[in-house]
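Student: No sequence on hand, only this structure:
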């Protein structure tokens, strides 16, 4: 929470999210009975629509609610669920709950960092993987746990990391093929 | 249809009880069978969904869909052995079932009536196959109150909850009791908050009730952020109606008509099941206007958390509900006096609520007969780490840690030696061998330098380095501290840096001194509970494993053994 988050000062034109998404968000905000106290709900919705919360989206929300942009950013940067950076195609979440930690999750995440060449909360250059260390997933019986998108891998060993990455790397070609 | 009286509820109960009768009465004459498959997050992660699909398909192919029901239940608790299947009324418990085992289960067990021996649980100590749930060491010493319906009913079907006596407590409270009597019953039961603090629930209700304000709120704290605890999630996934019913009872008692469940966005399955449960309760008129034909109105909305540990603290939670940063406020005023949008607000934890309906139906005396003098009832623990039987266990207060770890938990795997157990999550401390026989309750744990917390229990073996463990917890609290007060913001960061320095072998004795001093400073001067308790893992590991710290200090050729080193500061460890 204390870590400052980076925010893009300039949003390159081609990365500007499409207008339809803003319309979708606007429709949601207008469907609410009241916007009093609804900032977090709206940001949840916005992150659902856009995948992340870039500067433009935060300012859009601020204008719609008639509150300062700083207040929106204050909330976005406070909660770890909100992100201001676009994620990769796959999100690799390594559970860092205590149960997973004592069973070696720290070694597993180190291996992922080494293999993917990124730190946690970063995305690989090819845009394929985003690595995250997450708080307890709540599947402590399977510790250590790694989650790739929605798929849970239990009892992960350092040796398994290569296989998991490879599984999704080879998928990439299929997805590009169709 | 809308339920307007206890009699109408009873009618639904009678009709629905046929469905669950097989599961309650161990009547082997019964030809109908229920196959219960665990649908908790742990088991779903190991393909229990595919098991259900296969079972259904095979039953259909064999023309048995009528006689045999496949039911997706909540968590059985024995997560280590998932996916778990239970066949009723035969009372047979299969573990680590794979999707391809479905065929054998149906052909061997359902059709031929023979147990599939290889899928039975093997006791790690005796190496014998165990046939029923009750014979398993893991379940023998447990007493399921809050988890009473988890793994027994289909959480997505309100009639199964009603069949087991659900919503009777609400009906009784609304039609036969005054609000004061409800508060009194909860007070007499001795129930204390299961979220960690242990504040008497009845007293909290009474304070909220006494406030003079037309608008009041009741909030369920389902923002389970403790790494390694998952009981709230299991209750919401396995028995959502018990929480809804309890919130309605609480609302009646304090005089509120609006409820909020503040739930982690990271728990999609719990959100889904709770949403379904709310819809079903509204359809039956158990939420909404004029519940049970009285003039009591009540409804519940959901608010999603967004990943902040501090939001488990009630004032922070309320700020977050209002759409703000989840920073805690200074207390008093307590939320019971001035909470959500300035109105009196009662915040209770999921597990606390899960106990309420059963207290109302079975009575305060029944509940108070369990547990110890000052901690009544049972507590759910999430047993994890280096232990054979990982899972959720519910035990009466007053049981010893040794019983939980060695009898229920089955001891330490791979023949390793037990080293310590951390209770209370990042706010707690470690307990070593010498305190294993302390009876567990709120005060007992405080006495040995740790706390109940939400009930996470992480077991460590001889391979774990305690400096590393302390560093791990400090990294967590440093990240999760909200940043509002300086001791929390800067203090936890400095503590982490010092631990990092020690762990990497760069530290001197002076650093150890400074670490101690700062630990007490942060403890004494932080704004809220999160950072007041953040140094606990440091203090407690230093107290019990001082040698491991000394081993890492580079400039001291210290003689091994505790107590040889005399700290320069007066703020030494009290041992």
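Tutor: On my side now, so go ahead. Quick caveat, the model's predicted, so the values are computed rather than measured.

Student: Residue 37: which element?
Tutor: Answering for chain A, as no chain was given. Residue A:37 is part of no helix or strand, with elements assigned from DSSP states H and E.

Student: if you could check chain B rather than the one you did, that'd help
Tutor: strand B:33-38.

Student: Count the neighbours of residue A:112 for me.
Tutor: Residue A:112 has 22 neighbouring residues, counting by other C-beta atoms under 10 Å in any protein chain shown. Where C-beta positions appear, they are placed from N, C-alpha and C, glycine not excepted.

Student: you'd agree it is up against residue A:92?
Tutor: Yes - if you go by C-beta atoms under 8 Å, residue A:112 and residue A:92 touch, sitting 6.2 Å apart.

Student: any shared contact partners between those two?
Tutor: A:131, A:146 (C-beta atoms under 8 Å, 6 or more residues apart in numbering or on different chains).

Student: picking up where we left off before, packing partners for the strand holding residue B:37?
Tutor: Where contact means 3 or more C-beta pairs under 8 Å, 6 or more residues apart in numbering or on different chains; DSSP states H and E, strand B:33-38 is packed against helix B:6-24, helix B:48-61, strand B:68-73, strand B:85-88.

Student: Nearest to chain A, out of the ones you listed?
Tutor: Distances from chain A to each of those were compared using C-beta to the nearest C-beta; the minimum, 11.6 Å, belongs to helix B:48-61.

Student: which residues sit against the closest one?
Tutor: Under C-beta under 8 Å, 6+ apart, the answer for helix B:48-61 is B:35, B:37-39, B:65, B:68, B:70, B:72, B:82-85, B:97-103, B:105-106, B:110.

Student: May I see the ChimeraX selection of the buried members of those residues?
Tutor: A single ChimeraX command selects the buried members of these (16 or more other C-beta atoms under 10 Å in any protein chain shown):
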select /B:35,37,38,39,68,70,72,82,83,84,85,97,99,101,102,105,106,110
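
Student: Next secondary structure element downstream of the strand holding residue B:37?
Tutor: Scanning onward from strand B:33-38 (DSSP H and E), the first element met is helix B:41-45.

Student: is that following helix anywhere near chain A?
Tutor: Yes - for helix B:41-45 and chain A, the contact criterion (C-beta under 8 Å from any C-beta of the partner chain) is met by B:41, B:42, B:44, B:45.

Student: Surely the last one and residue A:142 touch.
Tutor: Yes - Residue B:45 is within contact range of residue A:142, at 6.0 Å (criterion: C-beta under 8 Å).

Student: Let me see the domain layout of the chain.
Tutor: Since no chain was named, I'll use chain A. Here the domain parsing of chain A from the TED database is A:19-78, A:90-171.

Student: hmm, I had chain B in mind actually
Tutor: According to automatic domain parsing, chain B is divided into the following domains: B:31-140, B:158-368, B:378-455, B:466-550.

Student: what's the span of the second one from first residue to last?
Tutor: Right, domain B:158-368. From its first residue to its last, domain B:158-368 covers 29 Å (C-alpha to C-alpha, to the nearest Å).

Student: Same check on the third one?
Tutor: Using C-alpha to C-alpha, the span of domain B:378-455 from its first residue to its last is 11 Å.

Student: just stretch B:133-145 next, same as before
Tutor: End to end - C-alpha to C-alpha - stretch B:133-145 spans 17 Å.

Student: do stretch B:483-490 as well
Tutor: 8 Å.

Student: which one is the closest residue to chain B within chain A nearest to, not counting chain neighbours?
Tutor: Nearest residue of chain A to chain B: residue A:141, at 2.9 Å (C-beta to the nearest C-beta). Among residues not flanking residue A:141 along the chain, residue B:79 sits closest, at 2.9 Å (C-beta to C-beta, 6 or more residues apart in numbering or on different chains).

Student: Spit out the contact partners of the one you found.
Tutor: Contacts of residue B:79 by C-beta under 8 Å, 6+ apart are A:139, A:140, A:141, A:142, B:40, B:42, B:43, B:390, B:391, B:392.

Student: need the residues of chain A near chain B, please.
Tutor: Counting by C-beta under 8 Å from any C-beta, chain A sits next to chain B at A:1-3, A:36-41, A:43-44, A:74-75, A:78-82, A:96-99, A:101-103, A:106, A:134-143, A:145, A:152, A:154.
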